[in-house]
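Asks: Here is a sequence with its predicted model. Questions after.
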Amino acid sequence: PHLRRGRTPPGRSFVVRVPRGGGERFAARLGELRGDWEKFDTYVVGYGERFEDVATQFGISRSKLKELNEVEHESEVTGGTILVVPRVSEADRRANLEKAKDELYGSGVDHKPGEALIVPVPDKDAHEEGKRRVFYRVVFGDSLTGVARAMGVKVATLAKWNGLASDAKLHPRMVLQAWVADDWREAKANVRLLDETRILVVTRGSKEHLELSEARTGRERVEYTAKKRESFEQIGKKFGLGKRDVARINKKSPDTVVEPGETIVVYKVVDHTRSDRAEKQWKQLPKAERKKAGATKKPETKADAKPKAEKDDGKKAEASKAEAPPVEEADADVGPVTTPE
């Protein structure tokens, strides 16, 4: 077919074929349709921009946006896709965009409003000479090839930076790190990056990572040293855990017996209201221990802390500003909108 969707491509002239003898009727109907067009614009989706972010930005439900663009699944919409969107004022759009950002950074597991998004990477202290590190959150339809192309890096290099195979499939909500050239600009590339003042970067699988993750669930990672010979089942009961839970944490058999002086790791509930997981474990505690856990206040952890960039004093912040690359005039968070002619 000449057109695959019920509209012409935006941004350029297009010759529309009509049935022979139907020219006059088409011209008359075209005039009536122009009034409908004035209610819509076209929008170029950015790399790393979620479908729901676009919907929120333009004040429309995801289902309605799908219907408007004849989209069956969100994976069809990737960076560079042109969507038809309702026309909204710039002020409303920016207000909606802030709401979308809050939803994005609040979508971590057991995340609470105002907390930084935990971003685990192979090595939080990794460095590439002459380049700057950026963080990209994967959305439906993304591939290593597409993300690498948008950032101007090689696929194999991007995979290596993130501990992935070159043919690895990406899943929504994964966060990729990349080192880009100093002159690379996300606005020009139409890429949506994570705000580094709203994330906490940790080394994947490190003690810091595990402690932060458990703190988000309302639990604390504790090293338990046996005073007498005890089984995983006996120790687990003290903390509301089953023997298989203790085995999984310590990567040992559920039937393991701990000798006096031997140390293992368990998770202790410190705030049972924080997550369903903590609530379930708290209910498995012995009654006396449950009262203690219920009365225990959650200790302040690194998960409660502000990201590093927010902790710096005024002088440090000023220094960072001075060293930062120049800001594009175009707003990287606000993608281009085109009004149909």
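Replies: Happy to help now that I have it. Here the structure is a predicted model, which is why all the values come from computation and not from measurement.

Asks: tell me the SS of Asp53?
Replies: Per DSSP: H, G, I helix; E, B strand; the rest coil, the local secondary structure of Asp53 is helix.

Asks: Give me the distance from stretch 76-87 to the chain's centre.
Replies: Mean-position distance between stretch 76-87 and its chain equals 19 Å (CA atoms, centre = their mean, to the nearest Å).

Asks: ok, and what's touching that stretch?
Replies: By CB atoms under 8 Å, 6 or more residues apart in numbering, the surrounding residues in contact with stretch 76-87 are 7, 9-11, 38-49, 51, 54, 57-60, 65, 68-69, 71, 139-142, 146, 150, 190-191, 337, 339. C-beta coordinates here come from the backbone N, C-alpha and C atoms, glycine included.

Asks: And that stretch, end to end?
Replies: End-to-end distance of stretch 76-87 (CA to CA, to the nearest Å): 22 Å.

Asks: How about Arg132, nearest residue that isn't a chain neighbour?
Replies: Among residues not flanking Arg132 along the chain, Val180 sits closest, at 6.2 Å (CB to CB, 6 or more residues apart in numbering).

Asks: Restrict the particular helix or strand that has Glu98 in it to CA atoms and write it as PDB.
Replies: Glu98 belongs to helix 90-105 when elements are defined using DSSP states H and E. Listed next in PDB are the C-alpha coordinates belonging to helix 90-105 (Å, rounded to 0.1, in the frame of the first residue of the first chain):
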ATOM      1  CA  GLU A  90       4.400  24.700  26.600                       C
ATOM      2  CA  ALA A  91       3.700  25.500  30.300                       C
ATOM      3  CA  ASP A  92       1.400  22.500  30.700                       C
ATOM      4  CA  ARG A  93       3.900  20.300  28.800                       C
ATOM      5  CA  ARG A  94       6.700  21.300  31.100                       C
ATOM      6  CA  ALA A  95       4.600  20.800  34.200                       C
ATOM      7  CA  ASN A  96       3.600  17.300  32.900                       C
ATOM      8  CA  LEU A  97       7.200  16.600  32.200                       C
ATOM      9  CA  GLU A  98       8.200  17.100  35.800                       C
ATOM     10  CA  LYS A  99       5.500  14.700  36.900                       C
ATOM     11  CA  ALA A 100       6.800  12.100  34.400                       C
ATOM     12  CA  LYS A 101      10.300  12.600  35.800                       C
ATOM     13  CA  ASP A 102       9.100  12.000  39.400                       C
ATOM     14  CA  GLU A 103       7.400   8.800  38.200                       C
ATOM     15  CA  LEU A 104      10.600   7.700  36.400                       C
ATOM     16  CA  TYR A 105      12.900   8.200  39.400                       C
END
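
Asks: from the middle of its chain, how far away would that helix be?
Replies: Using CA atoms, centre = their mean, the offset of helix 90-105 from its chain centre is 15 Å.

Asks: which helices and strands does it pack with?
Replies: Judged by 3 or more CB pairs under 8 Å, 6 or more residues apart in numbering; DSSP states H and E, helix 90-105 is in contact with helix 51-57.

Asks: Residues touching the helix it packs on, excluding its own?
Replies: Outside helix 51-57, the residues touching it (CB under 8 Å, 6+ apart) are 43, 45, 61-62, 64-65, 74, 77, 83, 85, 93, 96-97, 99-100, 103-104, 139-140.

Asks: Generate a PyMOL selection restricted to the buried subset of the residues you listed.
Replies: In PyMOL, this line selects whichever of the contacts of helix 51-57 come out buried by 16 or more other CB atoms under 10 Å:
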select buried, resi 43+45+65+74+77+83+85+93+96+97+100+104+139+140
